[in-house]
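Novice: Mind folding the following:
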Amino acid sequence: MLSKRIIPCLDVKDGRTVKGINFVDLRDAGDPVELAAQYAKQGADELVFLDITATHERRKTMIEMVKSVAKQLNIPFTIGGGITEIADAEALLNAGADKISINSAAVKNPQLIEDLAKTFGVQFVVLAVDTKHINGKNIVHLNGGRLITELETENWIKRAEDLGAGEILLTSMDHDGTKQGFDCDLLGKINKMINIPIIASGGAGKTEHFTEVFQKAGVDAALAASVFHYGEILIPDLKQELKRNNIPIRI
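Specialist: Predicted coordinates for the structure are as follows:
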């Protein structure tokens, strides 16, 4: 059985790592390159960097930061934010990123998913989806949750898989920043619908939440930010807890 993955997420704004509650009120949580090295030492399986200014302010993702991180890291990392064409992805890959994450650009141009998958391989393409429950439906949101779409989350994820997305990073905006646990019902539902890995995001507050999302939703990986950045959960402790619960994990 494949090991489950623990993934710290570093939201980067103006070259610094930040974490907000429900995508607003950003706090400064440190230097991304230093944090990345620290997480690799702690035993993180992968890292995700999301440049949360990029889409909103139409700025290209930080190539220089990727180069610095790649020098420090011996674990895979994904970078997202402002990737709108093949050239953006190629530049990040050449700078040392292992995967790229697309979100708003894929909704606006679904062909981008297929183009990236054909150019670099499906394992390179992560589709990030921010979802919110509205009037009994799960609806895709864009631009850090600032823009509502007419897409139902389940339909969009299925379509993205058909187009060649290799992995889904699903953030529940209703749970994000609350520390009340992941949205296991939605994650479990979507996990049954698709054959590619899901990274659960939004809602981690304590170690039990990770055990719960792996056991109940069957996801492949779980991602969190603030609980890791502020030392509320230490990755070695988390992994011991998961191991005690018979969840396959890399120690």
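Novice: residues making contact with stretch 102-113?
Specialist: By CB atoms under 8 Å, 6 or more residues apart in numbering, the surrounding residues in contact with stretch 102-113 are 55, 80, 83-85, 116, 125-130, 140, 142-143, 147, 149, 151, 156, 159-160, 163-165. C-beta here means a position set from N, CA and C on the backbone, and glycine is covered the same way.
Novice: What subset of those is buried?
Specialist: 55, 80, 83-84, 116, 125-130, 140, 142, 151, 156, 160, 163-165 (16 or more other CB atoms under 10 Å).
Novice: Among the residues you listed, name the ones in strands.
Specialist: Mapping the buried ones among the contacts of stretch 102-113 onto strands (DSSP state E) picks out 80, 125, 126, 127, 128, 129, 130, 140, 142, 151.
Novice: wait, doesn't the first one sit right on residue 101?
Specialist: If I follow you right, that is residue 80. Yes: in this structure, residue 80 is within contact of residue 101 by CB atoms under 8 Å, at 3.0 Å.
Novice: Quickly list what's touching both of the two.
Specialist: With CB under 8 Å, 6+ apart, residue 80 and residue 101 have common neighbours 48, 50, 126, 128.
Novice: of those residues, closest to residue 238?
Specialist: The nearest member of those to residue 238, counting by CB to CB, is residue 48 at 16.5 Å.
Novice: Help me confirm that that closest one is found in a strand?
Specialist: Yes: with DSSP: H, G, I helix; E, B strand; the rest coil as the criterion, residue 48 is assigned to a strand.
Novice: Show me what it is bridged to.
Specialist: residue 9, residue 78 (DSSP bridges).
Novice: quick one: it from residue 240, how far?
Specialist: Here the criterion is CB to CB, to the nearest Å. By it, residue 48 lies 23 Å from residue 240.
Novice: you'd agree residue 12 is in a strand?
Specialist: Yes: with three-state DSSP as the criterion, residue 12 is part of a strand.
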